[in-house]
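>>> need a 3D model of the sequence below.
(one chain, ligands or ions: 2)
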Amino acid sequence: MTMSSTTERSPDDFSADPYLKSLVDNDPKSYSDGNPLPKSTPADPQSHQTANHGIFIVVMGVSGTGKSTLGAALSEALHVPFIDGDDLHPKSNVEKMSRGEPLTDEDRAPWLEIIRTTAHKKVQTQRGEDPGEIPEPESKPETEHALEKHEAKVAASSTQLKTGTEARSINRPGIIIACSALKKTYRALLRGHEKSGTVPSHFVSPHSEDLPTYFVFMKGGKDVLMDRMEHRKGHFMKAKMLESQLETLESPEDEEGVVTVPIEMTLEEQVKEIKDGLEKFIGESL
Ligand SMILES: Nc1ncnc2c1ncn2[C@@H]1O[C@H](COP(=O)(O)OP(=O)(O)OP(=O)(O)O)[C@@H](O)[C@H]1O
Ligand SMILES: O=C(O)[C@H](O)[C@@H](O)[C@H](O)[C@H](O)CO
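Ligands and ions are numbered 1, 2, ... in the order given. A predicted model of the protein is given here:
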C-alpha cells in the first residue's frame with residue numbers, strides 16, 4: 001500500500017488521539033480558515049551546497065540496529081542536534097508496539113509527517129527564521145537534553161568562529177533524526193516528495209529542495225540484531241517484533257543520498273564512514 005493511497009483523516013479522527021488532538025488544537029488558524037502555514041521561499045536546487053542551507057539526516061534501519069546510539073554520536077561529531085524519532089510517535093503507536101503489535105502504514109503516516117515537520121522547524125529556528133505556528137510536538141527530556149547540548153556547543157563554536165578556526169566545520173544548520181523509515185514510500189514522505197494526507201493542513205512540510213534529506217542506512221543481519229535486542233533492557237520494543245521489522249524493510253541502497261553502514265562496525269568507524277559519505281553528497285566538509 002502506498003502512502004498516497006492511505007485514507008484521508010478528518011479532524012474528528014484527531015480528536016480520538018489526545019496527542020494528535022493537542023497538535024490540532026494548537027493551531028486554530030489552519031483549522032478555522034484552512035490556511036496552510038506560510039512556506040519558506042523555495043530554494044535553488046543547488047543551494048544546499050552552501051554552508052547556510054540546512055540538512056536533514058535520517059538515521060534509519062530496523063529496531064535494534066543502533067540508530068539512537070549512532071544518532072547521538074553523529075550529533076557530537078557534526079555539531080548538529082539529534083532527536084530520537086521514537087519520542088515523536090503518537091502515544092497510541094508506542095502502546096501498540098509495547099503490546100507486540102507491528103504498526104501499519106496508517107499508524108506510521110502521521111508520525112512520519114511529524115518527523116519532517118519537526119526537522120524543518122528545528123532548521124528554521126537555527127537559521128534565525130520564524131518557524132511559524134507549527135506546534136511543538138510532545139517531546140521527552142532526552143530530546144530537550146540533546147537540543148540543549150547542541151545549543152551549548154553552538155555557543156562554544158561561536159568563540160571558535162571569532163578566532164577564525166574551524167569556521168567551515170561548525171554551526172551548520174541541520175538536524176539528525178532516528179527513524180526506522182522502513183519502506184520506500186515512507187522515505188518519499190520524509191524527503192518531502194510525497195504527502196500522506198493523514199495529518200491536518202498545518203503540517204505542511206517543506207518541499208524536498210527546501211530541506212535536502214539524506215539517509216544513513218544501518219544494515220545488519222538478523223542474528224546480531226536478535227542478540228542486541230534480547231540484551232537491551234527497558235525498551236518498549238521487544239525482540240519478537242524483529243521478524244515483522246525485517247519483513248517490512250525495503251532496502252534504500254539504490255536510492256539517492258543514502259550512506260550505508262554495517263551495524264557490526266564500531267561506533268567510531270560508523271561515524272567516519274558517514275561523515276565521508278555525506279561530504280561526498282554535499283560537496284564540502286562537514
Ligand atoms: N556499534 C555498535 N556495536 C555494538 N552494539 C551496539 C552498537 N550500536 C548500538 N549497540 C547496542 O545495540 C542495542 C540497540 O541500539 P539502539 O537502541 O541504539 O538501537 P535502535 O535502532 O535505536 O533501536 P530502536 O529502533 O528499537 O529504538 C543497544 O543495546 C546498544 O547499546
Ligand atoms: O516503524 C516502526 O515500526 C517503528 O518506528 C519502530 O521501528 C520503532 O519506532 C522503533 O524501532 C522502536 O524500537
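
>>> count the residues that sit near the residue nearest to His235 when sequence neighbours are not counted.
On the basis of Cβ to Cβ, 6 or more residues apart in numbering, the spatially nearest residue to His235 that is not a chain neighbour turns out to be Met229, at 7.9 Å. Backbone N, C-alpha and C define where each C-beta goes, glycine included. Counted with other Cβ atoms under 10 Å, the neighbours of Met229 add up to 20.

>>> over to Glu269?
The local packing of Glu269 (other Cβ under 10 Å) involves 12 other residues.

>>> how near is it to ligand 1?
When distance is defined by Cβ to the nearest ligand atom, to the nearest Å, Glu269 is 8 Å away from ligand 1.

>>> rewinding a little: so the residue nearest to His235, which of the three states?
Under DSSP: H, G, I helix; E, B strand; the rest coil, Met229 falls in the helix class.

>>> which bits of the stretch 101-250 of the chain sit near ligand 2?
Counting by Cβ under 6 Å from any ligand atom, the residues of the stretch 101-250 of the chain close to ligand 2 are Leu103, Arg108, Ser180, Leu182, Met237, Gln245.

>>> need the residues of this structure near ligand 1, please.
Of all the residues in the chain, those lying near ligand 1 are 63-69, 86, 178, 228, 232, 237, 266-267, going by Cβ under 6 Å from any ligand atom.

>>> which one among those residues sits at the bottom for pLDDT?
Confidence by pLDDT is poorest for Met237 among these, given 74.

>>> helix, strand, or coil at that one?
Under three-state DSSP, the three-state class of Met237 is coil.

>>> wait, what's in contact with Phe56?
Arg116, Ala119, His120, Val123, Gly174, Ile175, Ile177, Leu190, Leu211, Pro212, Thr213, Tyr214 (Cβ atoms under 8 Å, 6 or more residues apart in numbering).
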